[in-house]
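Peer 1: Just to be clear, the model below is a prediction. Sequence and coordinates:
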Amino acid sequence: MTRTLPKITFWRAIFAAILLSGLYATYLRVFYGLGGSTNLSDRFPWGLWIAFDVMCGVGLAAGGFTLVAIVHIFAIERYKPVLRPAILTAFLGYLLVVVGLLYDLGHPERLWHPLVMWNPHSVMFEVAWCVTLYTTVLFLEFLPVVFEKFGWHKPMDWIHRISVPLMILGVLLSTLHQSSLGSLFLIVPEKLYPFWYSPILPLLFYVSSIAVGLAMTIFESWHSSRAFGRALELPLLASLARVLAVVLSFYLWIRFLDLTHRNAWVLLRQNRLETWLFVLEIGLTLVPTLLLYQASIRVSPGKLYACAVMVVFGFIANRLNVGTAGLEAGSGVHYIPKWSEVAVTLMIVASGFAIFRLIAGYFPIFEPQAAEAAHEELEQKEEVSVPVG
Amino acid sequence: MPRAILYDSTLCIGCKACEGACAERWGLPYDDKIAAEERISAHKLTCIETHGDRFSRRLCMNCLQPACASVCPVGALQKTTLGPVVYDAEKCMGCRYCMQACPFQVPTYEWSSRLPRMRKCDMCYARQSQGKLTACAEACPTGATKNGDRDELIAEARQRIAEKPGQYYGRIYGLKEVGGTSVLYLSAVPFEQIGLRTGVPQEPLPETTWRVLELLPDVVSTGSVLLGGIWWITNRRDEVARKEGPARPAKQKESQSK
């Protein structure tokens, strides 16, 4: 206990610093408007709050629908131990996306407008509806955890009765809006740099969200095992890493085909910012993909975690490229976020970590017994598969 | 018939009377300092640009199929049958997707306001619906900005090119750009030389997103059937396994032999 104390204090100090700067940035946002708190301009209307807080936030929360589909629809029950953390991440993620939106919208008090004032031709309208409905679905998917904690059996039965249509609805809504975040940019063919503008943007966004959802599941399992001192479900994560490698390979392959068909590879010869950002993004996706095919990487907690982090950063790089950097040349603007934009984003991310920890410490998110059972069962399987992989 | 504006760069003398009239019509301040700004903004909805010894004018193109109106999640922007694209500030939640989507970078924002609005030219919708000319066209002393029926203005533009072919770059900007706009340009030189975006697609931009959005019912219905079916199969397997598990192997054999 005494040994871990200084470390906790260190992180608490960081957390407090992030929180304070975020609160000051919030003050700027409220009293001086978007002009006083961001580097946005008429020619560059979207910045970090859209590209990171919303586009990355929704993507990083994709583990929720991916694992619900794997465990409950495809009925691969052995992944059950990581389902609840994934649902909690997704639920928190979406709530924080809404918080990010409240900062970014010129009129945050009109957040509900798309629910009443319809424009079915707008991708943003579809995203607004899907995110609203899916956050509700995630709330309902999370409720059993609360019922279990307090031993409420009646509502538990009730929620179990609607759980199948609810889960299918959740997967459908996610499919729609994860891809639609890419469709948002179909309207700017002349602005978005050709590395990123593609008619298959919705498909690329969808597949990459599945990949990053899996990577986030590995990421949070690793962190929670350290935070709560529980055993890491390593064999289970190792087999999840196989799925991740396959999804990433599929993603990279359709990306390759897309760039080939649009003759975009020739742009690599140009020495400009976009080229380097593109190389960075692809590198951060390609390297972990290749590494995850090595069995020795998958069964090493540290290396597996490093791969997951790379996938997450590669994903973030992609969303930031589509949402900000890739639009700079076409908009004729060089955009660097203001410190207050970064401060708010950091505050939202840090709150996400803190709230996750609080809830996971209080509610039955991690199932120790189930995890151990899966551990034993999969240990044997992974042992068999090690020489093969 | 839809209304339009024809701006003939060769007739423009850069007097900025259009700017002053526009500011007056919107109740915006206008002085020498603002007149010197060669960029549209939330306090200046049209501006005269200087390109060497030529002039050009920026204002909302009021596209025939506007990207801004198609992307607005709350329908705050509407294309009217009269021609102008109008804006309802009361609906707007400030997502600024219209600004991102506009190929001409026209919509501007009241960045420093605590209750901000998007601002753009609406081709004097209120005046035109009363049969009046736009403020800019009324103020223009040389006829460089002309307001009228779109088809008639196109015919007139073609006539001007035909009458003085040496004086004009032989095309009308706005005829085909993003599927056609309500503001049309004539120029003596290629349009990029007077600051117009010539790289914009000829196709109406709303179609780029609609191609995907219109698949939505298909995705939802196909997805429901597929996911429901998969669930039914996988859970049926579980049910069978549970009921006919190791306890009752005999029944399984029996049913197979039938």
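Peer 2: All right, it came through fine. Remember, it's a predicted structure, so these values are computed and weren't measured experimentally.
Peer 1: quick one: the helices in the stretch 101-250 of chain A?
Peer 2: For the stretch 101-250 of chain A, the helices defined by DSSP state H, counting those that start in this stretch occupy A:113-116, A:123-150, A:153-161, A:163-183, A:201-227, A:234-261.
Peer 1: Give the buried residues for the third one.
Peer 2: Yep, that's helix A:153-161 we're talking about. A:M156, A:I159 (16 or more other Cβ atoms under 10 Å in any protein chain shown). Where you see a C-beta, it was placed from the backbone N, CA and C, and this is true even at glycine.
Peer 1: That one versus helix A:123-150: what angle between them?
Peer 2: Angle of helix A:153-161 versus helix A:123-150, following axes from the mean of the first three to the mean of the last three Cα atoms, to 10 degrees, is 140 degrees.
Peer 1: Can you name the residue of the stretch 51-200 of chain B nearest chain A?
Peer 2: Using Cβ to the nearest Cβ, the closest approach of the stretch 51-200 of chain B to chain A is made by B:G94 at 2.1 Å.
Peer 1: what's the neighbour count on that residue?
Peer 2: As a burial measure, B:G94 scores 24 neighbours (other Cβ atoms under 10 Å in any protein chain shown).
Peer 1: show me the contacts for the closest residue to it other than its chain neighbours.
Peer 2: Nearest non-adjacent residue to B:G94, counting by Cβ to Cβ, 6 or more residues apart in numbering or on different chains: A:G106, 2.1 Å away. Taking Cβ atoms under 8 Å, 6 or more residues apart in numbering or on different chains as the criterion, A:G106 is in contact with A:L34, B:C92, B:M93, B:G94, B:C95, B:R96, B:Y109, B:P116, B:R117.
Peer 1: Quick check: phi and psi at A:G106.
Peer 2: Note on A:G106: its backbone torsions stand at phi -60, psi -40 [degrees, to the nearest 10].
Peer 1: any idea of the pLDDT on the residue of chain A found nearest chain B?
Peer 2: Using Cβ to the nearest Cβ, the closest approach of chain A to chain B is made by A:G106 at 2.1 Å. For A:G106, the model assigns a pLDDT of 96.
Peer 1: Go through the helices of the stretch 101-250 of chain A and find the least confident stretch.
Peer 2: When those are ranked by mean pLDDT, helix A:153-161 comes last with a mean of 87.
Peer 1: what helix or strand is B:R57 on?
Peer 2: B:R57 is part of strand B:54-58 when elements are defined by DSSP states H and E.
Peer 1: Please name every helix or strand in contact with the helix or strand B:E138 falls within.
Peer 2: B:E138 belongs to helix B:135-139 when assigned by DSSP H and E. Counting by 3 or more Cβ pairs under 8 Å, 6 or more residues apart in numbering or on different chains; DSSP states H and E, the packing neighbours recorded for helix B:135-139 are helix B:17-26, strand B:145-149.
Peer 1: Now do the next helix-or-strand element following the shortest one against strand B:145-149, angle only.
Peer 2: To tie it back to what came earlier, the one meant is strand B:145-149. Sequence-wise, the next helix or strand downstream of strand B:145-149 (DSSP H and E) is helix B:150-163. Interaxial angle of helix B:150-163 relative to strand B:145-149 (the same axes, to 10 degrees): 130 degrees.
Peer 1: what's near enough to touch the residue nearest to B:L133 when sequence neighbours are not counted?
Peer 2: Nearest residue to B:L133, sequence neighbours excluded (Cβ to Cβ, 6+ apart): B:N147, at 4.6 Å. Listed by Cβ under 8 Å, 6+ apart, the contact set of B:N147 reads B:R3, B:A4, B:I5, B:L6, B:Q128, B:L133, B:T134, B:C136, B:A137, B:E138.
Peer 1: farthest-separated two in those?
Peer 2: Farthest apart among the contacts of B:N147 by Cβ to Cβ are B:A4 and B:E138. That separation is 15.2 Å.
Peer 1: So the two - more neighbours on which side?
Peer 2: B:A4 (27 against 16).
Peer 1: Could you list the buried residues of the helix holding B:E138?
Peer 2: Buried, per 16+ other Cβ under 10 Å, within helix B:135-139: B:A135, B:C136, B:A137, B:E138, B:A139.
Peer 1: same question, stretch A:332-351
Peer 2: Across stretch A:332-351, burial judged by 16+ other Cβ under 10 Å covers A:333, A:335, A:337-338, A:340-351.
Peer 1: Quick check: which ranges of chain B have low pLDDT?
Peer 2: Applying pLDDT under 70 to chain B flags residues B:245-258.
Peer 1: Show me it divided up by domain.
Peer 2: Per the record, chain B has its domains at B:3-205, B:215-257, by automatic domain parsing.
Peer 1: Out of those, which one sits most buried?
Peer 2: Each of the domains of chain B was scored by mean neighbour count; the highest is domain B:3-205, a mean of 19, by mean count of other Cβ atoms under 10 Å in any protein chain shown.
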